[in-house]
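Engineer: next comes the sequence, and after it the predicted model I'd like to discuss.
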Amino acid sequence: MNRRDFLRLTAASTTAFLLPGCASASQRSVSKLPDHPNVLFIAIDDLNDWIGCLGGHPDAKTPNLDRLAQRGVLFTNAHCSAPACNPSRASLMTGILPSTSGVYHNPDPWRKSPALSNAITIPQHFMAHGYTAVGGGKIYHGSFPDPPSWQNYFPSQQKNKPDDPMPPNRPLNGIPKTSHFDWGPVDVPDSEMGDSQVADWAIGQLRKQHDKPFFIACGFFRPHLPWYVPQKYFDMFPPDKVTLPNVNENDLDDVPLLGKKMAKPQGDHKKVIEHKQWRKAVQAYLASISFVDSCVGRVLDAFDKSPYADNTMIILWSDHGWHLGEKLHWRKFSLWEEATHNVLMAVVPGVTKPNRRCPRPVNMVDIYPTLIELCGLTAKPELEGKSLVPLLKNPKAKWERPALTTHGRNNHSLRSERFRYIRYSDGTEELYDHNNDELEWKNLADNPKYTRIKKQLAKWLPEKNIPDVPKTKARK
């Protein structure tokens, strides 16, 4: 069974019932939204659709993410602005597309972009309207924290991510010269993990007495590499029983040269196969997801016990997806479904209803204008996203715009409900029909039958593609 088939089979069941303890929390969504509601803003790094409510992998165990999704609207067709941490997060937090900013890759210092040097980020806009804005963990890319965005930050304004314990005798997977492309258990309690410390910090914020509306940003690092989490999470997924991705060994035969260069099949994929690590890698990624799910669960439990549960919206997102062998590719850094498809869910008192799934193609750049509308802030015409409020109210409302993802200058993907269209900087193309080819195995771009479809999608390509911001050496 492939990942999309599983999604179809689980879609009905995940919305047909509430997990234990969720009913009262879901019923809160009928209460009136205050004029200036609080915001709990949860980010998860490198999380693809391998979670229960999205059905991306049949072995996933994510009860806490699933219960949050059941409380409000789950966007089943959400996509990142860029399939890399820095450009995705810079775009989300400023509301400006990579093609406008020139921030296309992780080493691009986003505040040095002419379009972003004076950009007002989401938390800055909230602070200008009387909110307290604090953050912890990974919200911006590690190399480029943004102190002006926050009044306080954990662990600090300069170091946004707590340290994680590192196992001895690395690499654990036996693959040499791969830096942090490694996985295996660490012999520590959850409390020693950086994400657990971020969860503790967020819980502390929810227990505080706040005399002003707040914007609390909580950024979790896992399942970013290296996949080092406590042993108990690995034990949940015996490697001999994990389901491997459904992969076509000839998948790149009809892919243009620039797409093949992004895939790098002779790189990570070859190493994983040669060292017989595929099952253990899938095990480790699933284990890392379950670990971060437990961190999310602790924050949700504290939220439910707090005095803010009735006047606070929760927005949870991941910055992009992740390949584990699909298209003979590993990591993000591509324009295919596995890399662009990410997690987005929203629970907004008085606006969203429980157990709603939205199939419309939306983008992370849409979050900023959505928050402005929900919280009654001053509009910002320069934002390039579109408010999702109509879809929060009616997940099947009309929505014409496809989701745009950019990876490098002039390399773009457009995802509609049915099609994915890719155009590379040299003019070569890919087109996939998700009604008949959910794994994107058959490139239809050269089929004249689809000329009209390509033309319709191409009108959404950005007209502006400014040069790259000069790069610096970036931390992970």
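Structural biologist: Cool, got the structure.
Engineer: quick check: which ranges of this protein have low pLDDT?
Structural biologist: 1-34, 472-476 (pLDDT under 70).
Engineer: what's across from the most centrally placed residue in it in the sheet?
Structural biologist: Centroid check for the chain by CA atoms, centre = their mean gives S318 as the closest residue, at 1.9 Å. Per DSSP bridges, the residues bridged to S318 are I44.
Engineer: buried residues in the helix ranked longest in the chain?
Structural biologist: For the chain, the longest helix by residue count, based on DSSP state H, is helix 278-305. By neighbour count with 16 or more other CB atoms under 10 Å, helix 278-305 contains the buried residues 278-300, 302-303. Every C-beta, even on glycine, is put in place using the N, C-alpha and C of the backbone.
Engineer: pairing partners for the strand or helix carrying C218, with directions?
Structural biologist: Under the criterion of DSSP states H and E, C218 resides in strand 214-220. Strand 214-220 has its sheet partners listed here by DSSP bridges as strand 38-44 (parallel), strand 132-137 (parallel).
Engineer: the last one: what's the following helix or strand?
Structural biologist: Okay, so that is strand 132-137. Sequence order places strand 152-154 as the next helix or strand after strand 132-137, per DSSP H and E.
Engineer: between the strands paired with strand 214-220, which one is nearest to M313?
Structural biologist: Of all those, strand 38-44 sits nearest to M313, with 5.7 Å by CB to CB.
Engineer: next, the angle from the closest one to helix 278-305.
Structural biologist: If you take axes from the mean of the first three to the mean of the last three CA atoms, to 10 degrees, strand 38-44 sits at 170 degrees to helix 278-305.
Engineer: and the strands in the stretch 301-450 of the chain?
Structural biologist: For the stretch 301-450 of the chain, the strands defined by DSSP state E, counting those that start in this stretch cover 312-318, 323-324, 330-331, 344-347, 356-358, 362-363, 403-406, 412-415, 419-423, 429-433.
Engineer: can you redo these as a markdown table with distance to A43?
Structural biologist: What follows is the strands of the stretch 301-450 of the chain, written out as a markdown table (distance: least, CB to CB, whole Å):
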| stretch | distance to A43 |
| --- | --- |
| strand 312-318 | 6 |
| strand 323-324 | 20 |
| strand 330-331 | 18 |
| strand 344-347 | 11 |
| strand 356-358 | 20 |
| strand 362-363 | 16 |
| strand 403-406 | 18 |
| strand 412-415 | 21 |
| strand 419-423 | 25 |
| strand 429-433 | 28 |
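Engineer: of all these, which one is nearest T178?
Structural biologist: Among the strands of the stretch 301-450 of the chain, strand 330-331 comes nearest to T178, with 10.1 Å by CB to CB.
Engineer: each with direction, which strands does the helix or strand that the strand holding C218 is followed by pair with?
Structural biologist: Per DSSP H and E, the first helix or strand lying C-terminal to strand 214-220 is strand 227-230. If you go by DSSP bridges, strand 227-230 pairs up with strand 183-186 (parallel).
Engineer: need the residues that contact the strand it pairs with.
Structural biologist: 165-167, 172-173, 225-231, 233-234, 277, 280-281, 283-285, 287 (CB atoms under 8 Å, 6 or more residues apart in numbering).
Engineer: residues touching K464, list them.
Structural biologist: For K464, the contact set (CB under 8 Å, 6+ apart) comprises 99-100.
Engineer: measure it to P83 for me?
Structural biologist: For K464, the distance to P83 equals 20 Å [CB to CB, to the nearest Å].
Engineer: ok but D195 is inside a strand, no?
Structural biologist: No: D195 is assigned helix when assessed by DSSP: H, G, I helix; E, B strand; the rest coil, not a strand.
Engineer: do you know how far it is from G137?
Structural biologist: D195 is 7 Å from G137, by CB to CB.
Engineer: shared neighbours, these two?
Structural biologist: Counting by CB under 8 Å, 6+ apart, the contacts common to D195 and G137 are 220-221.
Engineer: ok, back up a step: can you put the strands paired with strand 214-220 in CSV and add distance to A339 and mean neighbour count?
Structural biologist: Converted to CSV, the strands paired with strand 214-220 look like this (distance: least, CB to CB, whole Å; neighbours: other CB atoms under 10 Å):
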stretch, distance to A339, mean neighbour count
strand 38-44, 15, 24
strand 132-137, 22, 24
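Engineer: now these in CSV, with distance to A60?
Structural biologist: Converted to CSV, the strands paired with strand 214-220 look like this (distance: least, CB to CB, whole Å):
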stretch, distance to A60
strand 38-44, 13
strand 132-137, 22
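Engineer: between those, which gets nearest to G102?
Structural biologist: Judging these by CB to CB, what sits closest to G102 is strand 38-44, at 23.1 Å.
Engineer: how far away from the center of its chain is the closest one?
Structural biologist: 13 Å (CA atoms, centre = their mean, to the nearest Å).
Engineer: next: stretch 315-324.
Structural biologist: Centroid separation between stretch 315-324 and its chain, computed with CA atoms, centre = their mean, is 2 Å.
Engineer: can you give me the end-to-end span of it?
Structural biologist: One end of stretch 315-324 to the other measures 26 Å (CA to CA, to the nearest Å).
Engineer: for D187, which non-adjacent residue is closest in space?
Structural biologist: Excluding the flanking residues, the one nearest D187 by CB to CB, 6 or more residues apart in numbering is Q231, at 6.7 Å.
Engineer: so who does the one you found touch?
Structural biologist: Q231 touches 185-187, counting by CB under 8 Å, 6+ apart.
Engineer: do you know how far it is from M166?
Structural biologist: 15 Å.
Engineer: then Y153?
Structural biologist: In this view, Y153 and M166 are 23 Å apart by CB to CB.
Engineer: L374 too?
Structural biologist: 40 Å.
Engineer: which of these two has more neighbours?
Structural biologist: L374 (22 against 11; other CB atoms under 10 Å).
Engineer: touching, that one and G350? I think so.
Structural biologist: No: taking CB atoms under 8 Å as the definition, L374 is not a contact partner of G350, at 9.6 Å.
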